[in-house]
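Predicted structure and sequence below. I'll ask about it afterward.
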Amino acid sequence: METVKRKPKNKWLLIIGGFIAAQVIFTATDGTFLELKMNNMGNFANALANHLFFLEWITLYENFVYRLLTVLAILQIIVLAIKDITKVAGSRSNA
């Protein structure tokens, strides 16, 4: 299967739009019966959920799954931004 090459503007609109849509869904379902629940967490997931970073620093959501997904999404956006910036800087130095 071929990968689709998107324009940087369209790619970033899709990424930011998806992040905002996820945050709206998280906000709407946090504290309701619709929120994600992980009853059978392993030791790693349980230790991660009870880590000080997720309990005290990130207080946007009550559900730790939403907190974890938000942090992972932000880290992914940062990595993609650094990758795109280095690609643009590299193409400008070669020109």
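Sure thing, it's come through.

buried sites along stretch 16-24?
Going by neighbour count (16 or more other CB atoms under 10 Å), the buried part of stretch 16-24 is residue 23. Where you see a C-beta, it was placed from the backbone N, CA and C, and this is true even at glycine.

what's the least confident helix or strand in this structure, going by average pLDDT?
helix 52 (a mean of 60; mean pLDDT, DSSP states H and E).

And the helix or strand hosting residue 20, how far out from the chain middle?
Secondary structure from DSSP states H and E places residue 20 in helix 8-29. Taking CA atoms, centre = their mean, to the nearest Å, the mean C-alpha location of helix 8-29 is offset from the chain mean by 9 Å.

any low-confidence regions in this protein?
1, 36-58, 94-95 (pLDDT under 70).

got a list of what the residue nearest to the spatial centre of it touches?
For the chain, the residue sitting closest to the mean C-alpha position, by CA atoms, centre = their mean, is residue 73 at 0.9 Å. Applying CB atoms under 8 Å, 6 or more residues apart in numbering, we find residue 73 in contact with 19, 22.

Could you check how far residue 90 is from residue 31?
From residue 90 across to residue 31, the span is 46 Å (CB to CB, to the nearest Å).

same check, this time on residue 15
For residue 15, the distance to residue 31 - CB to CB - is 27 Å.

Please enumerate the strands of this structure.
Along the chain, no segments are classed as strands by DSSP state E.

How far away from the center of its chain is the longest helix anywhere in the chain?
The single longest helix within the chain, with elements called by DSSP state H, is helix 64-94. On the basis of CA atoms, centre = their mean, helix 64-94 sits 10 Å off its chain's mean C-alpha point.

Tell me which residues of that helix come out buried.
Applying a neighbour-count criterion of 16+ other CB under 10 Å, one finds 64, 65, 66, 67, 68, 69, 70 buried in helix 64-94.

Compile those into JSON lines and extend it with columns for distance to residue 26.
Formatted as JSON lines, the buried residues of helix 64-94 follow (distance: CB to CB, whole Å):
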{"residue": "64", "distance to residue 26": "12"}
{"residue": "65", "distance to residue 26": "9"}
{"residue": "66", "distance to residue 26": "4"}
{"residue": "67", "distance to residue 26": "9"}
{"residue": "68", "distance to residue 26": "11"}
{"residue": "69", "distance to residue 26": "8"}
{"residue": "70", "distance to residue 26": "7"}
